[in-house]
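**Q** For reference, the sequence and a predicted model appear below.
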2 protein chains.
Amino acid sequence: MAPRSSRVTSADVAREAGVSRATVSFVLNNTQHQKITEATRQRVLAAAERLGYAPSAAARTLRYGRSDVVLGLLPDWPLGFAAGQLIQELTLAFAKRNFTFVVHSSIRGARSLSEIWKALTPAAVLAFEPFSDADAAAMRSAGIEVIAALYDDKGLGSDESITTANAIGAAQARHLAASHGRLGYAYPDDERVAVFSRPRLDGVRKVCAELGLPDPDVRTVPLTPSAAADAVRSWLAADPPVTGICAFNDDVAMTVLAGLRHLGLQAPRDMAVIGVDNSPAAAVSCPPLTSVVQDLPAIAELYADTVTVALDGAQSPGNPVEPQIRLEVRESA
Amino acid sequence: MAPRSSRVTSADVAREAGVSRATVSFVLNNTQHQKITEATRQRVLAAAERLGYAPSAAARTLRYGRSDVVLGLLPDWPLGFAAGQLIQELTLAFAKRNFTFVVHSSIRGARSLSEIWKALTPAAVLAFEPFSDADAAAMRSAGIEVIAALYDDKGLGSDESITTANAIGAAQARHLAASHGRLGYAYPDDERVAVFSRPRLDGVRKVCAELGLPDPDVRTVPLTPSAAADAVRSWLAADPPVTGICAFNDDVAMTVLAGLRHLGLQAPRDMAVIGVDNSPAAAVSCPPLTSVVQDLPAIAELYADTVTVALDGAQSPGNPVEPQIRLEVRESA
DNA sequence: ACGTGTCGCTAACACGTTATAGTGGGTGCC
DNA sequence: GGCACCCACTATAACGTGTTAGCGACACGT
């Protein structure tokens, strides 16, 4: 009724309904072990509705000692199509578990990591970037669950990191190995994505070893047609020539395709290329790009389950199914 | 020293340093009007460091009534390259102003808008999606500044919305009008991006009117080569034929290029195409795509300034420069 | 010796919420 | 009528912080 400029609190609702703050809390939180007359309940609900009461998350967090916010920490590499999609799936997956998922892009020159989680008091941090042990320890001592969604090359915290990244490279390699005797890897020209590129390359390496193929010929491919042409020349000049290329993602793959065109060559006749992400551009590149499709909803569910289990100690409701990898086969391979 | 499982509070620091909590607060916040002996100051700082003290953001927010979090609300359309870049620039711009910028993707089926800001108590909300007046009113009554970074087709809250979107369409149209008498617009097949596509189209319309050209021929282009081919056929069959196409973004533009190839035609000979975003794929498409480059850092600064001014009532430090639009001219137009 | 300041610090309150202990009033039982 | 007991609700204590009022000690001027 009276739109105070300040925040409307539970005390306002209590006054409006003619009850105590405790009763308001009982009604609005449906406290089980507390009986409330139906008349009183309705009066409180009506008052809350009329005043537009919204409980203060800060006070609630202070009281509970934990908020329902899960903070996603993104590194500062350029966010592509898949990253955006994963963010949306994570938002949905956490919402289903009554958590609020927000993302902070920890760009260089911005606030330090400690500033971030101190400002948010998240219940958990889902990190897609590496950070120091000191930071991790500080977060834990503040009662924050830390989940690293990273490839652990140091074997550090391996029990908390989940990765399906090497399955991607493996899928690429298996598809190409059917018709190519020597594989190459188009590595991104940006060390900031190493947390993703390394495990993908490892997956290719593993499959090559399994199938008795020689180790893949790895070349860094900057995102310009001429640089890609250089890489293509080197691959074809090798002995035996490298004719099947696993690319880090669709952007790199399409750059390799541009390099081929630059040399007057064609995919897949002269060289087969496979990307990752199945971005919109992949469907309309020339030739249309074969790409690895991750089951991002399943991956998001897996992450969300991991966090939920770590937080509540509750067991995962569903069976912990490994996210599947699918190949969208077009013309480039 | 003693790694308590629970949170380390300022009281712990006070006990460790042998002073009161108030003194700890004075030291750590550098309270000006309060003199503290250098010895005491050092003792407190040492104790805080030793215990790894991190002030509770929840308590601080409760005390101040406002957090330093700015919440970015993203709609549920697929996030592309430009969106990711804008997020990073916004993170940087807000960090420079001592705000923590986080993003929530309000995907359909996830938590309602009110759940989000209730859970975060942000100081301001920077919305890239439309929401109801009731939501806006509720946020305001909770003391949250609401900034709509939207194209206002209803003239609603025009004083708070900032848009440079029509400048994009205008830049496309001006470039094409130099050599094409009739322009077309490749409209995205997703109404969720209407907040961006409409003003861009309006920019094209405005320039066409200014230059005495007929109104642009607008066609919705789904992201498949065959659908794009249909659109291309229609454009070329018009009288006079439409030979200059402004596309909503690079993805749509590259689909139009695929449609051209599908018909055995070439850009820019048979039809010129301009995209928006200058995504990595645009540089390696065939032919390489001419694209509009937004000055995302400047746009981010503008948004951040708008929010800061609304919050503190402070005047913008720099001159409110209009973000510039640049054209990356390649071969497609 | 005594008021007057200043210095350096502490006690206490408020922010808004939830949970626990407690309280007045009605009812049943003997 | 007195006692126990349940019911529906209230008073109050935390959660951790920033801030204001205040307090003892000491210096200083007269």
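**A** Looks like it came in fine.
**Q** Can you give me the end-to-end span of stretch A:231-244?
**A** Taking CA to CA, to the nearest Å, the first and last residues of stretch A:231-244 lie 13 Å apart.
**Q** Indicate each strand paired with the helix or strand where A:Val273 lies and its parallel or antiparallel sense.
**A** Taking DSSP states H and E as the criterion, A:Val273 maps to strand A:272-276. Applying DSSP bridges, strand A:272-276 is found paired with strand A:244-247 (parallel), strand A:290-294 (parallel).
**Q** Please state the offset of the last one from the chain centre?
**A** Strand A:290-294 sits 16 Å away from the centroid of its parent chain (CA atoms, centre = their mean, to the nearest Å).
**Q** which residues touch it?
**A** Contacts to strand A:290-294, defined as CB atoms under 8 Å, 6 or more residues apart in numbering or on different chains, come from residues A:82, A:164, A:168, A:171-172, A:175, A:250, A:253, A:272-279, A:282, A:323, A:325-333. (C-beta placed from N, C-alpha, C; glycine too.)
**Q** wait, what's in contact with the residue nearest to A:Trp77 when sequence neighbours are not counted?
**A** Distances taken as CB to CB, 6 or more residues apart in numbering or on different chains place A:Arg192 nearest to A:Trp77, at 4.3 Å, with adjacent residues excluded. Residues in contact with A:Arg192, defined by CB under 8 Å, 6+ apart, are A:75-77.
**Q** and if you look at A:Arg330?
**A** By CB under 8 Å, 6+ apart, the residues touching A:Arg330 are A:282-283, A:287-291.
**Q** Which of the helices or strands spans A:Val125?
**A** A:Val125 belongs to strand A:124-127 when assigned by DSSP H and E.
**Q** Distance from the very next helix or strand once past that strand to the middle of the chain?
**A** Where DSSP H and E defines the elements, the next helix or strand beyond strand A:124-127 is helix A:133-141. Helix A:133-141 has its C-alpha centroid displaced from the chain centroid by 21 Å (CA atoms, centre = their mean).
**Q** quick one: the next helix or strand after helix A:133-141 to chain centroid distance?
**A** Downstream of helix A:133-141, the next assigned helix or strand under DSSP H and E is strand A:145-148. How far strand A:145-148 lies from its chain's middle: 13 Å, per CA atoms, centre = their mean.
**Q** Same check on stretch A:267-280?
**A** On the basis of CA atoms, centre = their mean, stretch A:267-280 sits 23 Å off its chain's mean C-alpha point.
**Q** now do stretch A:235-253
**A** The answer for stretch A:235-253 is 27 Å, by CA atoms, centre = their mean.
**Q** Quote the end-to-end distance of it.
**A** Stretch A:235-253 has an end-to-end distance of 14 Å (CA to CA).
**Q** pLDDT averaged over it - what is it?
**A** What stretch A:235-253 shows for mean pLDDT is 93.
**Q** Give me the buried stretch members for that stretch, please.
**A** By 16 or more other CB atoms under 10 Å in any protein chain shown, the buried positions in stretch A:235-253 come out as A:235-236, A:242-253.
**Q** Among these, name the ones in helices.
**A** Using DSSP state H, the subset of the buried residues of stretch A:235-253 located in helices is A:235-236, A:250-253.
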